[in-house]
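Colleague: Quick one: sequence plus predicted model below, questions after.
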Amino acid sequence: MTVFEEIKREIMADPMNETYTNRGVSPLFKASKEARIAVVGQAPGRKAEESQLFWNDPSGDRLREWMGISRDVFYSTEKIAHLPMDFYYPGKAKSGDVPPRKGFAEKWHPQLLKEMPQVETIILIGSYAQKYYLGKRREKNLTETVRNFEQYMPEYLPLVHPSPLNYGWMKKNPWFEMEVLPTLKELVSINL
């Protein structure tokens, strides 16, 4: 059994995740000793939980487009780890999904990242990931944090969520496509 399989068993045995384990739902993440990039998003969506495949929705299609890689590469490469802020679908809220549970990433991310010594950049998708990893270093809001992405490089690359709901944000912030996405594509191509 690999260290990642052991950690997965510990996650499933954790009382915090008991309801998921009892329903037969596995934690949704990917970790590898060969990983050079870690993608940290919010939490798996309903479709991802049902299919047991992270980023398996229109947001994932857009993220892969932003990264400049195919679906096959995205799922098959060991060079990209996927560590959402919660490894389980948290449920539906009035608008969007319920936020990731507090304390989940704090408990499991350090253990997993410790076993991935080659990770050079952690891609921080959305405000939950940015708040956890950047803390007080982040700007006053997500837009300003993403706009100032270079100050966090090479350790972190903050991004807006690739959700179709963010099309309006993209139109208001054309610099994202012109400055941030080329950096993301280059980072991915160098590390694959």
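Modeller: Structure's in. What do you need?
Colleague: C-alpha only now, for contacts and for neighbours.
Modeller: Will do.
Colleague: Helices along the protein, start to end?
Modeller: 3-13, 18-22, 46-51, 58-67, 71-76, 104-114, 127-134, 142-147, 167-172, 175, 181-191 (DSSP state H).
Colleague: which of the residues in the third one are buried?
Modeller: Read that as helix 46-51. Within helix 46-51, the residues that count as buried by 16 or more other C-alpha atoms under 10 Å are 46, 48-49.
Colleague: quick one: which of those residues is nearest to F149?
Modeller: Proximity of the buried residues of helix 46-51 to F149 (C-alpha to C-alpha) peaks at A48, which lies at 27.9 Å.
Colleague: Would you check how far apart I123 and P27 are?
Modeller: Distance of I123 to P27, computed by C-alpha to C-alpha, to the nearest Å: 20 Å.
Colleague: Compare those two (neighbour count), which wins?
Modeller: Between I123 and P27, I123 has the larger neighbour count (other C-alpha atoms under 10 Å), namely 23 against 20.
Colleague: From what I see, the more buried one and H161 are in contact.
Modeller: No: applying C-alpha atoms under 8 Å as the test, I123 and H161 come out as separate, 11.0 Å apart.
Colleague: So what's the predicted local confidence for the spatially most central residue of the chain?
Modeller: The chain has V40 as the residue nearest its centroid, 2.2 Å off, counting by C-alpha atoms, centre = their mean. Listed pLDDT for V40 reads 98.
Colleague: Surely it touches I125?
Modeller: Yes: counting by C-alpha under 8 Å, V40 touches I125, with 6.0 Å between them.
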